[in-house]
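Engineer: predicted structure and sequence below. I'll ask about it afterward.
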Amino acid sequence: MINYSLKMIAEIVDGELIGDGSLIIRGVHYDSRLLKEEQMFAPFKGANTDGHLFVADLFSQGVKASFWQKDCPLPKPQGNLIVVADVLAALHSLARYYRLSLNCKFIGITGSSGKTSTKDIVAAVLATRYKVFKTIGNYNNKLGVPITLINMDDDVDCAVIEMGIDDFGIMEMLVNMVEPDITVITSIGLSHVQQFLTLDNIVQQKCWINSRLKEDGRCYYFDEAHGVRQQLEKMGLTADQMVSYGFKKTSDFIALDYTVAEQYTSFTVKQYPDIIFKLPILGKHQLLNGLVAIGIGQRLELSEQEIQQGFDGIQLTPHRMQVRMINEAVVIDDTYNANPSSLAASLETVIDYSDKYKKIVVIGDMLELGENSLSLHGDMANLIDFRMFDKIYLVGPQMKALYEKLKEQNIVSRHYSSALETVGEIKQYLTKGNIIFFKASNGMKFAGLIEKLED
């Protein structure tokens, strides 16, 4: 983490120092509840409150310093302040300065789905040989990334940084701070389409992660991602810089075959045909994330034994294809987020699971899909064969479109307005021999539904 004096920070961010310039700061945070003693506070104005309102109280509780935005109408409290034109811009400047001072290999990961799982898998593999830092939780946006960088240890060998965007120009901000040496572009789909409007715009903005890629840098991309290869070539990346992965025979890293059983996905890879890799995560799409980790591991000179050791030690961010047992039923918790491509991939995983299980799927609305949201929900009926499931429960107003489409196909499903309405119906399946799969956008609060079933 940063270990700078207030005077030095003020110079880096072009701010006005008020107070003790010799005070040493070790980290920054914008959440007053998570602020540590030697960290500096970064106040932001949110939808419901203004962080500047907390500064005086934080000073009285022992916090030593805070940023302060120049145009804030509140009176400045007594304490150590750095006054800046824009707090977010100041954080970005500080993060970039610190990142450029580190002797560390940066891996940047973006895409419409699979970013977090890929981050976790890559970090676990690299940790078998290197000291690794990775993005914690969902600190992957224009506010979370600078906080992530500023609070990194300064002796890290590899930093695996998740880089999420929800509008034009955000990736440019993130790349300016991270300047990744290696990049990953996972699947591309219609996420945040309200802002981006078209799939081609999403591809263009995601590929901008490579705008500062060095000559010896590498971009690992899913070879079936719409338009990515063409966009990378348009940006001027060379053949050496582009590394594809997937199931096509033309891919650089190919999964030759795979099986999904119990709590593992097993597969082989063209580069290591005699080795069966085992991922302790379910799904064809998770296998793809494993391919990325194998490619980056090989690039950083890890052996196949170290790669498998990394797979064995994966610690996934919660609610991403997380398998748990509830009353002897296999419950798959994929409730952190959802878009059409990630939902299709996850449902295929359930289909691939052994037929000895009865398969129950509980699916909630996919949010932020824009004016075509209803049609995108309904189109899921054409992407997945829902006859492969024994019971189908659909939750939320947008999922009514899928309910109607399935009805047209003579496929029986049930529709509910909210997740908690399903508890009484679903709990009957908490017995041996059943798989219950849950997925929805985070705003649908499906994690609470699973907690109710556990209770």
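Structural biologist: Received, thanks.
Engineer: please count neighbours and contacts with C-alpha atoms only from this point.
Structural biologist: Will do.
Engineer: the bottom helix or strand of this structure by mean pLDDT?
Structural biologist: Lowest by mean pLDDT, DSSP states H and E among the helices and strands of the chain is helix 193-196, with a mean of 58.
Engineer: next SSE downstream of that helix?
Structural biologist: helix 199-207 (DSSP states H and E).
Engineer: if we go by neighbour counts, what in that following helix is buried?
Structural biologist: Buried residues in helix 199-207, counted by 16 or more other C-alpha atoms under 10 Å: D200, I202, V203, Q204, Q205, K206, C207.
Engineer: same check, this time on stretch 155-173
Structural biologist: Applying a neighbour-count criterion of 16+ other C-alpha under 10 Å, one finds 156-167, 170-173 buried in stretch 155-173.
Engineer: mind listing residues that contact it?
Structural biologist: Outside stretch 155-173, the residues that touch it by C-alpha atoms under 8 Å, 6 or more residues apart in numbering are 92, 102-111, 115-116, 119, 122-123, 126, 130-135, 139-142, 145, 174, 178, 192, 195-196, 205-206, 208-209.
Engineer: endpoints of that stretch, how far apart?
Structural biologist: 25 Å (C-alpha to C-alpha, to the nearest Å).
Engineer: show the average pLDDT along it.
Structural biologist: Per-residue pLDDT values over stretch 155-173 give a mean of 92.
Engineer: now do the most centrally placed residue in the chain against K64, distance only.
Structural biologist: Nearest to the mean C-alpha position of the chain, by C-alpha atoms, centre = their mean, lies T116 at 3.2 Å. Separation of T116 from K64 (C-alpha to C-alpha): 34 Å.
Engineer: so where is the stretch 51-200 of the chain shaky, pLDDT-wise?
Structural biologist: Residues of the stretch 51-200 of the chain that meet the criterion pLDDT under 70 lie in 189-197.
Engineer: re the thing from before, phi first, then psi, for the residue nearest to the centre of the chain.
Structural biologist: Backbone torsions of T116, given as degrees, to the nearest 10, read phi -70, psi -40.
Engineer: what does G114 give?
Structural biologist: Backbone torsions of G114, given as degrees, to the nearest 10, read phi 90, psi 0.
Engineer: ok, how many other residues are close to it?
Structural biologist: Per other C-alpha atoms under 10 Å, the neighbour tally for G114 reads 20.
Engineer: burial check on the closest residue to it other than its chain neighbours, number of neighbours?
Structural biologist: Once flanking residues are discounted, G114 sits nearest to T186: 6.2 Å by C-alpha to C-alpha, 6 or more residues apart in numbering. Using other C-alpha under 10 Å, T186 has 27 other residues around it.
Engineer: show me the contacts for T186.
Structural biologist: By C-alpha under 8 Å, 6+ apart, T186 lies in contact with I109, T110, G111, S112, S113, G114, K115, Y221, F222, A225, N289.
Engineer: again, but for L383
Structural biologist: A344 are the contacts of L383 under C-alpha under 8 Å, 6+ apart.
Engineer: element containing V243?
Structural biologist: Going by DSSP H and E, V243 is part of strand 242-246.
Engineer: tell me the strands beside that strand, with direction?
Structural biologist: strand 218-222 (parallel), strand 253-261 (parallel) (DSSP bridges).
Engineer: can you add distance to E306, mean pLDDT and mean neighbour count and give those back as JSON lines?
Structural biologist: Shown next, in JSON lines, are the strands paired with strand 242-246 (distance: least, C-alpha to C-alpha, whole Å; pLDDT from 0 to 100; neighbours: other C-alpha atoms under 10 Å):
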{"stretch": "strand 218-222", "distance to E306": "20", "mean pLDDT": "96", "mean neighbour count": "25"}
{"stretch": "strand 253-261", "distance to E306": "18", "mean pLDDT": "83", "mean neighbour count": "18"}
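Engineer: in a markdown table: those, plus distance to L300.
Structural biologist: Listed next are these as a markdown table, based on distance: least, C-alpha to C-alpha, whole Å:
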| stretch | distance to L300 |
| --- | --- |
| strand 218-222 | 11 |
| strand 253-261 | 15 |
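Engineer: so where's the stretch 201-350 of the chain shaky on pLDDT?
Structural biologist: Along the stretch 201-350 of the chain, segments meeting pLDDT under 70 span 261-262, 317.
Engineer: ok, the closest residue to N141 other than its chain neighbours to L449 distance?
Structural biologist: Using C-alpha to C-alpha, 6+ apart and skipping residues adjacent in sequence, the residue nearest N141 is G164, 5.3 Å away. Distance, G164 to L449, using C-alpha to C-alpha: 27 Å.
Engineer: one step back: so how do I select the buried members of the contacts of T186 in ChimeraX?
Structural biologist: Buried residues within the contacts of T186, by 16+ other C-alpha under 10 Å, are selected in ChimeraX with:
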select :109,110,111,112,113,114,115,221,222,225,289
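Engineer: okay, and which of the contacts of T186 map to helices?
Structural biologist: Secondary structure from DSSP state H places K115, N289 of the contacts of T186 in helices.
Engineer: so which of the contacts of T186 comes closest to I392?
Structural biologist: Nearest to I392 among these is S113, at 23.1 Å by C-alpha to C-alpha.
Engineer: I'd say that closest one and I188 touch.
Structural biologist: Yes. Applying C-alpha atoms under 8 Å as the test, S113 and I188 come out as touching, 7.1 Å apart.
Engineer: common neighbours of these two, please.
Structural biologist: Any residue near both S113 and I188 by C-alpha under 8 Å, 6+ apart counts here, and that gives S341.
Engineer: that older thread, of the strands paired with strand 242-246, which is nearest R96?
Structural biologist: Using C-alpha to C-alpha, these put strand 218-222 closest to R96, at 21.0 Å.
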